[in-house]
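**Student:** Sequence and predicted structure, then a few things I'm wondering about:
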Amino acid sequence: MKATGALAGRERKAPGPEPVILFVIAKQIFAIAADDVQEIRSTDSLAGGANEIGQAQVAKVRHTILRNRRTYYVVNGAVHFGLLATRPSLVLILRQRRVAVLVDRIERMAEIPVVHDLPRAFAGTERHWYRGLAYIDNRVIPVVDPAGFLTGEELGHLDRASAPPAVEQAESPVRQ
């Protein structure tokens, strides 16, 4: 299918169709490359394994989870994208990132032949959230960039907030 209008002329051809996972947050559909997702878990299955972190710097993150001896920061997708609050039922644990994302549900798997560049109307922080746009089933769907969920600065705040407190060493008397 040929792209028209605002999507025409600005596209990145992939070597072949790219498999993506279509997921929903607050009735909005997003796509993420299937290769960027390590696993999908029910929030119920993680309930006992989530640790609350007390920090106010990054409002979209309130918990961490430990999977395979690696700590992941759990990003509330609705807060991240500025959508209405929901009761997410799934968490996408991302590959190559220390991020897990709360989502409402998985729509389905799909293949996209091309990711179109973002229009200039995407001018704020959302330019970092998305790789581009895809046209699937007569709908334009944003394709999420996994690196956009947490910036380096946000990761630094979270690392400091979740680090164990430093143990003060008792001063030993100096012998002369």
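**Tutor:** Nice, thanks for sending it over.

**Student:** what about the residue lying closest to V115 once chain neighbours are set aside, which helix or strand?
**Tutor:** Leaving aside its sequence neighbours, V115 sits nearest to G132 (Cβ to Cβ, 6 or more residues apart in numbering; 4.0 Å). Quick note: C-beta positions are derived from backbone N, CA and C, even for glycine. Assigned by DSSP states H and E, G132 falls within strand 130-136.

**Student:** and the following helix or strand past that strand, how far from the chain's centre?
**Tutor:** Next along the chain after strand 130-136, taking DSSP H and E as the criterion, comes strand 139-144. Remark: strand 139-144 is offset 15 Å from the chain centroid, using Cα atoms, centre = their mean, to the nearest Å.

**Student:** Identify the residues contacting strand 139-144?
**Tutor:** 7, 20, 22, 29-33, 112, 115, 129-135 (Cβ atoms under 8 Å, 6 or more residues apart in numbering).

**Student:** For L84, which residues are in contact?
**Tutor:** Residues in contact with L84 (Cβ under 8 Å, 6+ apart) are 26, 78.

**Student:** show me what contacts V99?
**Tutor:** V99 neighbours (Cβ under 8 Å, 6+ apart): 72-73, 75, 146, 149-150.

**Student:** make it 6 Å
**Tutor:** If you count contacts by Cβ atoms under 6 Å, 6 or more residues apart in numbering, V99 has them with 73, 75, 149-150.

**Student:** Give me the local confidence score for it.
**Tutor:** Note for V99: predicted pLDDT of 96.

**Student:** Good, we can wrap up now.
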